[in-house]
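In: sequence plus the predicted model coming up.
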Amino acid sequence: MKHTKSPLFLGVSLLASIVFTYFYFLYTHEYPPGSYEKIATYEAHKVFQTRILVTMTANTLEPTLPLLKACFQWIVPYPIGYETLLQLLNSVFLMILLLCMPFLYEILDTRLSPWWAFVLFIPLGWNYIAINGFFDGAGLYYPYDIPSLTFFALGTLLFVHRRWKLFYLFFLVACLNRESACFISLAGFLLTIRFSKSAHTFLQKNRTIILHISSQAALWFASRLTLSYLFRNNPGEFFETPHSMIDFIWLIYTGEPHRWAMVNPRWFLTLFAGIWLIPFLTWKHLSVSSRRFFLQLGTCYIVALAFRSNMMESRVYNELNVIVTACAVVGVHAWWRARQKKTLKVGTYP
């Protein structure tokens, strides 16, 4: 898509990413056991400490701070420091994500103007800023959240296009960012697998993909075991017990405040700004790959969240923001084309 290389699209993408990051940092704060300061010094609780990529990168870039201060302090309305490096990294990752979105639409069988990538800001702005701190919510920030979306989108593209050398490099790096990197493999698998009624035929058709999935699973487990061993003496647990989602749903009914997630739990009903409904409403217009991407992958993600995360926290639906946005855009586009065809057919005279 040549327009993704245009100076205008690149410039607007960078500007939008910087603006989003500014407000994201403005309306959120850190959870002390998982703060970036503790992750950067390898002292965070176990469940957070294994997500080391962004702080390791910021540590590497820290010697550039004097240069950044000399060049840009005049335009930045607060002292440039370590957190500024995290903001820069967040902006870069978000910009790359925007550049990936048009290609993600394409592998879901829809070619669109790259400007449709900016639809992603609807769920991101709502989940990460609006009901995560501006209107209500825990207001929590973690440096690995936005990068996990970028790794997911880019990794899925590399998997589908079978760019294996680059894929494995990005996959290994993604595993250092967040354990949800496993959903890159699952997304690629669902988008490339060829189903068959016969088990023998299925294995024949998908032998290469199954070998790659097995290799990726082994790498993922190896990375988790290695990181877990390295930080085995950190405080906390590797698997925290989530708060009860059933209790939270009851609070939505009663309107009572949750002790930390939301003062008004009914804000939770607006998750993703409601665009998760669009793929359901346009279901008959979605391609097979879009349906797999939305329903099968989305269901796997929700099930994983139910066992591992505080689902009442709007920021935990990380990769789902990409999944929901892509399928909503594809659904709207397919519905509109079907509507246009119907209009043309009705207006055609024999």
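Out: Happy to help now that I have it. Numbers count the residues shown, from 1 in each chain.
In: quick one: contacts of the lowest-mean-pLDDT helix or strand in the chain?
Out: When each helix and strand of the chain is scored by mean pLDDT, DSSP states H and E, helix 199-205 comes last, with a mean of 82. For helix 199-205, contacts defined as Cβ atoms under 8 Å, 6 or more residues apart in numbering pick out 194-196, 210. (Glycine included, C-beta is placed from N, CA and C.)
In: do the same with stretch 297-313
Out: Here stretch 297-313 has contacts from 132, 137-138, 140, 180, 183, 186-187, 190, 239, 242-243, 245, 248, 258, 261-262, 265, 268, 316-317, 319-320, 323-324, using Cβ under 8 Å, 6+ apart.
In: now, those that are in helices?
Out: If you go by DSSP state H, those have 183, 186-187, 190, 245, 248, 319-320, 323-324 in helices.
In: in PyMOL, how would I select the buried members of those?
Out: Of the ones in helices among the contacts of stretch 297-313, the buried ones can be selected in PyMOL as follows, counting by 16 or more other Cβ atoms under 10 Å:
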select buried, resi 183+186+187+190+248+319+320+323+324
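In: ok, of the ones in helices among the contacts of stretch 297-313, which one's closest to residue 94?
Out: The nearest member of the ones in helices among the contacts of stretch 297-313 to residue 94, counting by Cβ to Cβ, is residue 319 at 14.2 Å.
In: leaving out sequence neighbours, find the closest residue to the closest one.
Out: Distance criterion Cβ to Cβ, 6 or more residues apart in numbering; nearest residue to residue 319, sequence neighbours excluded, is residue 152 at 4.5 Å.
In: also residue 231?
Out: Excluding its sequence neighbours, the residue lying closest to residue 231 (Cβ to Cβ, 6+ apart) is residue 49, at 4.6 Å.
In: list the contacts of the one you found.
Out: 38-39, 42-43, 227, 231, 234.
In: now, of those residues, which are buried?
Out: Those of the contacts of residue 49 that meet the buried threshold are 38-39, 227, 231, 234, by 16+ other Cβ under 10 Å.
In: quick one: the helices in the stretch 1-150 of the chain?
Out: 7-26, 36-40, 46-49, 53-61, 65-72, 82-107, 121-124, 145-160 (DSSP state H, counting those that start in this stretch).
In: got TSV for those, with distance to residue 283 too?
Out: Shown next, in TSV, are those (distance: least, Cβ to Cβ, whole Å):
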stretch	distance to residue 283
helix 7-26	30
helix 36-40	41
helix 46-49	36
helix 53-61	36
helix 65-72	48
helix 82-107	17
helix 121-124	19
helix 145-160	21
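In: please identify the most buried of those.
Out: Highest mean neighbour count among the helices of the stretch 1-150 of the chain (mean count of other Cβ atoms under 10 Å): helix 145-160, with a mean of 24.
In: mind listing what's buried along the following helix or strand past that one?
Out: Next helix or strand after helix 145-160 toward the C-terminus (DSSP states H and E): helix 164-177. With burial defined by 16+ other Cβ under 10 Å, the residues of helix 164-177 counted as buried are 167-168, 170-171, 174-177.
In: return the list of helices and strands in contact with helix 164-177.
Out: Secondary-structure packing of helix 164-177 (3 or more Cβ pairs under 8 Å, 6 or more residues apart in numbering; DSSP states H and E): helix 53-61, helix 145-160, helix 182-192, helix 207-230.
In: output it in PDB with nothing but the alpha carbons.
Out: Below are the C-alpha coordinates for helix 164-177, written out as PDB (Å, rounded to 0.1, in the frame of the first residue of the first chain):
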ATOM      1  CA  TRP A 164       9.900 -16.900   9.000                       C
ATOM      2  CA  LYS A 165      13.400 -15.400   9.600                       C
ATOM      3  CA  LEU A 166      11.900 -12.000  10.500                       C
ATOM      4  CA  PHE A 167       9.000 -13.600  12.300                       C
ATOM      5  CA  TYR A 168      11.100 -15.600  14.700                       C
ATOM      6  CA  LEU A 169      13.200 -12.600  15.500                       C
ATOM      7  CA  PHE A 170      10.100 -10.500  16.300                       C
ATOM      8  CA  PHE A 171       8.500 -13.400  18.100                       C
ATOM      9  CA  LEU A 172      11.500 -13.900  20.500                       C
ATOM     10  CA  VAL A 173      11.600 -10.100  21.200                       C
ATOM     11  CA  ALA A 174       7.800 -10.100  21.800                       C
ATOM     12  CA  CYS A 175       8.200 -12.900  24.300                       C
ATOM     13  CA  LEU A 176      10.400 -10.500  26.300                       C
ATOM     14  CA  ASN A 177       7.700  -7.900  26.200                       C
END
